[in-house]
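Participant: Just need the structure, nothing else, for what follows:
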Amino acid sequence: MITTNAALFGALSGLTLGLLEYVIVLRLIGRAVAIEAAQGGEMEGVALVTRRMRQVRVALLGCAFVLLPAVGFALGSTFGSDTGYVQ
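Facilitator: Numbering: from 1, shown residues only. Model prediction:
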């Protein structure tokens, strides 16, 4: 299988962006839940968010490890230059 360097760079860029997105989104959600709990907010809402966090993590990891690298690979293959190949 012959792959261009641009495609590999696109996949690596997609993976990097996906992992960065994963960390940022989880921190934002965690911070919002902590603030809501500290302010004495609605406990049913806080409990619902904490129960659904597993689903959110799985969705974010799927996006970070599958979707964004695949999109980066496709874009790199399509729009990248053909100067370098990896076999």
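Participant: low-scoring pLDDT stretches of this protein, where are they?
Facilitator: The model of the chain has pLDDT under 70 over residues 1, 82-87.
Participant: Is residue 40 in a helix, a strand, or coil?
Facilitator: For residue 40, the secondary-structure state derived from DSSP: H, G, I helix; E, B strand; the rest coil is coil.
Participant: That one - how many residues pack around it?
Facilitator: Applying the criterion other Cβ atoms under 10 Å, we find 7 residues in the vicinity of residue 40. (Glycine included, C-beta is placed from N, CA and C.)
Participant: For it, give its distance to residue 46.
Facilitator: 10 Å (Cβ to Cβ, to the nearest Å).
Participant: Likewise for residue 36?
Facilitator: Residue 36 sits 6 Å away from residue 46 when distances are taken as Cβ to Cβ.
Participant: And residue 73, by the same measure?
Facilitator: Separation of residue 73 from residue 46 (Cβ to Cβ) stands at 39 Å.
Participant: and if you look at residue 66?
Facilitator: In this structure, residue 66 lies at 30 Å from residue 46, with Cβ to Cβ as the measure.
Participant: quick one: the helices in this structure?
Facilitator: For the chain, the helices identified by DSSP state H occupy 5-38, 43-62, 68-79, in order along the chain.
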